[in-house]
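Peer 1: build the 3D model from these lines:
(2 chains)
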Amino acid sequence: MRLNGFWMTGTAALALVAAGAGAQEDQAPESPVAGQPMVDALTIVSWGGAYQESQLKAYVEPYVEANPELEVTWDESSAEAVAGMRAQSEADNITWDLVDVTAADAMRLCDEGLAMEVDINEIAAPAPDGTEAEEDFGEDMLVSDCFIPQIAYSYTFGYRTDVEDWGGESPSEICDVFDLEAFPGRRSLEKRPHNNMEWALMCDGVPQDEIYETLETDEGQDRALAKLDTIKDETVWWTAGADTPQLLADGEVVMGSTYNGRLFSLIAEQDQPVEMMWDAQAYDLDGWVIPEGLDEATLNRVKDFLWFATDTQRLADQAKYISYGPARDSSAPLVGQHAELGIDMAPHMPTNPENAQNAYVQNFEWWADYRDDLDAKFQAWLAQ
Amino acid sequence: MSDAAPGPAHLAGPTPDTVLRDADRARGPVLAADGTPLKRSLNRALRAQKLRALGLIAPLLLFVVVTFIAPIADMLFRSVENEIVGQTLPRTVVALDETWDGQGAPDEEVYRALAADLMVASELKNHTRLGSRLNYETTGMSSLFRRSGRDVDDIGEVYADQFIDLDAAWEEPATWVALMADPGWDERQAAWHERRDAAEAERAAAETVEELRALAFTEREPRFRVSDMAQEELPRTARIYAQFAQVIQTENADSPTEEEPWNIVYQALYEDLSAARGRNYEGREGALLDAARDAVGSFETQPVKAFFLEEIDEEWGDPRVWGTISAFSSPYTAGYFLSSIDMQLTPQGIEPQPEDQQIYGLLFKRTMVMSMTIMFACIALGYPIAYLLSNLPVRTSNLLMILVLLPFWTSLLVRTSAWKVLLQQQGVINDTLVWLGLVADGNRLELINNQTGTIIAMTHILLPFMILPLYSVMKTIPPQYVRAARSLGATPWTAFRRVYFPQSVPGIGAGCILVFILAIGYYITPELVGGTTGTFVSNRIAYHISSSLNWGLAAALGSILLAFVLVLYYLYDRIVGIDNVSLG
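Peer 2: Purely as a prediction, here's the structure:
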């Protein structure tokens, strides 16, 4: 899988980067819409929190500095982006100019005709070495015609390091989550079937490449739920990404799944007695979509901004503020140290080869089909 | 006094009434000062007054209608609305209805209709939207439509290739326009084209946003018209070509003069020609058409049905897929309402959902039971507090009132999060209990992420809604009544039960209605502290609105919830009487 190759360049390359970065900066050619009339206001929809902060620092602030006439408004509605864009489109009143969404949401927005189809080479600058954007992102990243990728993140587990009942052992593989004997204590899992079903089957002896095939059958679904049944009584179900870090910090749970960036900030920034367990982390992507129906002057501004914000250096800069892997191949060697803590970010990236050994990519298209059915089943199972 | 006291009519002498009536009869209607009958004049004055009153409340009325009633009605309407199937697959739905018997795969005719519908839909990007809609009913429809949309433009390619091999002129958009277009359209189109080019040139020089917007060229290309000749002689081709031209013009803002027609247009032409139509065609490109007619006999053919099953997806042969399309082809559907009571609409009729997917019955029951529990908990806790508040001296009671209102003024999220801190297993309450030795450390109480958590947190949050109406009613109960009862020998309990309590019932009624109606619609608190067993049906509504985007189902669930409230309100009115409800 190509994602694994992200970090093959390794630390040696990173050492070079510190020197090389300065020279590479600002080499991207001017955006194709430069000089054309464009609006002076931009409404960007994102997730809020540390992620939005990383966007602000890495490319919104530098862009505004270069274009002082621009006024940026943030709307922290990415979690409801699909519903919001559908409502705006039905009301024929598009108020968002650029929306940050996950890959699965981008696919749905594209399916519904709510997001604009783009030619990635016209939106994103080529890499400094001249590689076209399409190749630089790669087809693993370009999951939808509307999707302009920014980062790869993952769903992974964190565990407390101070659990006495574990006798000095610590969980090292995904199946330890289902092992209540060796690792007693409560877990937190997301309150939806995504990933939980995959992990359950993995630990029920289904090979990784047969998981979705198995999940298509009633028996396979029952099998996954039966496996989850073994830990159901010991599980707290989360709905917000901040839940697991809080539950871990409070000692409410001893291990739990969440976005890797949240765990990074819990471990590195808040210094809690928690460690990462990278085994069987599930990759997901996050990126931009442009709402369908913007007028030309607004679109020019959006394009001009995206040209800058998705270039190689800007995506690499973002990784200084949050431990998510940049979506461009060419950004990987430019990732440096955390902006405040000064630690190397590479080992904390989900795409770091050591972390990525047993990783998998969610099958977005499969979930688009089975989401409704499995969700009904999963919720009925939860409610029992 | 006698019961049979005679009324004024029985009196012999004149009364004021009869005098007036007699005067009326004698002199006609009473007139106002300006000579119009008094009645009419009065009515006019009153009407003006009523209009003025209406005018005064009109802004509010309009505001409520526009911002509240209309959106809610629109949302609830979605629970039955289902136009997307008929609108996206108009020909397929008709053909399916006419020819399919519900068994196996339908005939070629249906697939042909589907090819045309899908071609249009994929150009308009409607097919994936329809796929998402049908996926609510049958798993797999979403990707089936997405995949089919990708391949649908290959249908008929085999014919297009053969026509083009025959004569490269068939590839030219101009050939098709000459063949199909009404001659008048050609001229109008050319004139429009000139105007547009001029406008574009001007626009390219725009320097500011305002200029760019002002110079936008909004005039549309004249709408494509098929010539009568083509319509008559090549009916199939003309129909699909007209569709093609319309899509190209309206959706892609392009022109049929610049786009090669879809492959299915070639297929339609093949069908027309091989059915020996078009013999009397007299118009431009007639020779080309004649040459093609002679050649089509030896063309390689490919049935659309075979193409769908072999090249696009074999699932198109599955009667389940067709059954779903057929069952949901009408513009209105009971499907969403059926889903919200754990039933489903299938081609065979209405059936219960598979047992492991039944969830809404349970949730409705749970929502009702838990809302009742919360309501009673609020009465139990709120009644004594309200009593205390209404009987203390004003200064003390005002101070206590602030304590009641303080949480009311705090953000809902903050209060709910505070309950998390208090109730969780490593939380304040459990810690205290363990410290006191009441609970073993390994056996801490589960107070959150279950029904207990929801009941505790929501009782706290809704308590002011019970206390306030109770307090304002109790405030008006004169203390003399209880004192009188006591002095007449009632025990304190009897005095309370027979004298005080009945007077406080209107307050309980108001509090109950407020708390119960607020409770069944709550979703933030159950979401945060309810875990899996303490969530309400409103949590599913929120899920369907913001995550699954199944707005129809959300609307159906919402309608049912609304109906529940109205029925309970009606019952309450019948039993207690709504006039007995008082907010003070």
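
Peer 1: so for stretch A:59-72, mean pLDDT?
Peer 2: The pLDDT scores in stretch A:59-72 average 95.

Peer 1: look up how far B:Pro261 lies from B:Pro183.
Peer 2: B:Pro183 is 19 Å from B:Pro261, where distance means CB to CB, to the nearest Å. C-beta here means a position set from N, CA and C on the backbone, and glycine is covered the same way.

Peer 1: give me the more crowded residue out of those two.
Peer 2: In this view B:Pro183 and B:Pro261 are compared by other CB atoms under 10 Å in any protein chain shown, and B:Pro261 has more residues nearby, 25 against 12.

Peer 1: that one belongs to a strand?
Peer 2: No. Assignment of B:Pro261 by DSSP: H, G, I helix; E, B strand; the rest coil gives coil, placing it outside any strand.

Peer 1: for A:Thr131, give its distance to A:Arg328.
Peer 2: 9 Å.

Peer 1: next: B:Thr373.
Peer 2: Separation of B:Thr373 from A:Arg328 (CB to CB): 55 Å.

Peer 1: equivalent analysis for B:Val421, please.
Peer 2: Counting by CB to CB - B:Val421 and A:Arg328 are separated by 42 Å.

Peer 1: what segments of the stretch 201-350 of chain B are helices?
Peer 2: Counting by DSSP state H, counting those that start in this stretch, one finds helices in the stretch 201-350 of chain B at the ranges B:209-214, B:228-233, B:235-250, B:263-274, B:286-295, B:304-307, B:319-327, B:335-339.

Peer 1: and what of the stretch 1-150 of chain A?
Peer 2: With helices called from DSSP H, counting those that start in this stretch, the stretch 1-150 of chain A shows them at A:10-24, A:49-55, A:61-66, A:81-91, A:103-111, A:120-123, A:133-137.

Peer 1: now the fifth one against helix A:81-91, angle please.
Peer 2: It refers to helix A:103-111. Interaxial angle, helix A:103-111 versus helix A:81-91 (axes from the mean of the first three to the mean of the last three CA atoms, to 10 degrees): 20 degrees.

Peer 1: contacts for helix A:103-111 next, please.
Peer 2: A:81-82, A:85, A:101, A:115, A:117, A:143-147, A:149, A:284-287, A:289, A:362, A:364-365, A:367-368, B:128-129, B:131-132, B:142, B:146, B:549 (CB atoms under 8 Å, 6 or more residues apart in numbering or on different chains).

Peer 1: list the buried residues for stretch B:84-99?
Peer 2: Applying a neighbour-count criterion of 16 or more other CB atoms under 10 Å in any protein chain shown, one finds B:Ile84, B:Val85, B:Thr88, B:Leu89, B:Arg91, B:Thr92, B:Val93, B:Ala95, B:Leu96 buried in stretch B:84-99.

Peer 1: next, format those as TSV and append pLDDT, secondary structure and distance to B:Gly382.
Peer 2: What follows is the buried residues of stretch B:84-99, written out as TSV (pLDDT from 0 to 100; DSSP: H, G, I helix; E, B strand; the rest coil; distance: CB to CB, whole Å):
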residue	pLDDT	secondary structure	distance to B:Gly382
B:Ile84	93	helix	48
B:Val85	94	helix	51
B:Thr88	94	helix	54
B:Leu89	95	coil	57
B:Arg91	93	helix	63
B:Thr92	94	helix	60
B:Val93	94	helix	57
B:Ala95	94	helix	64
B:Leu96	93	helix	60
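
Peer 1: check those against chain A, which are close?
Peer 2: Among these, not one lies near chain A by CB under 8 Å from any CB of the partner chain.

Peer 1: what's near enough to touch A:Asn121?
Peer 2: Per CB under 8 Å, 6+ apart, neighbours of A:Asn121: A:Glu132, A:Ala133, A:Glu134.

Peer 1: follow-up on the earlier one: among the contacts of helix A:103-111, name the buried ones.
Peer 2: With neighbours counted by 16+ other CB under 10 Å, the contacts of helix A:103-111 contain buried members at A:81-82, A:85, A:101, A:115, A:143-144, A:146-147, A:149, A:284-287, A:289, A:362, A:364-365, A:367-368, B:128-129, B:131-132, B:142, B:146, B:549.

Peer 1: how about the contacts made by the closest residue to chain A within the stretch 101-250 of chain B?
Peer 2: Residue of the stretch 101-250 of chain B nearest chain A, by CB to the nearest CB: B:Thr128 (3.5 Å). The contact partners of B:Thr128, by CB under 8 Å, 6+ apart, come to A:Cys110, A:Asp111, A:Glu112, A:Gly113, B:Ser142, B:Phe145, B:Arg146, B:Gly149.

Peer 1: and for B:Ile560?
Peer 2: So B:Ile560 contacts B:Phe337, B:Ser340, B:Ile341, B:Phe364 (CB under 8 Å, 6+ apart).

Peer 1: and those as CSV, adding pLDDT?
Peer 2: Formatted as CSV, the contacts of B:Ile560 follow (pLDDT from 0 to 100):
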residue, pLDDT
B:Phe337, 95
B:Ser340, 94
B:Ile341, 93
B:Phe364, 95
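
Peer 1: of B:Thr373 and A:Arg328, which one has the most company?
Peer 2: Neighbour totals were compared for B:Thr373 and A:Arg328, and A:Arg328 leads with 28 against 16 (other CB under 10 Å).

Peer 1: low-confidence ranges in the stretch 51-200 of chain B?
Peer 2: Of all residues in the stretch 51-200 of chain B, none has pLDDT under 70.
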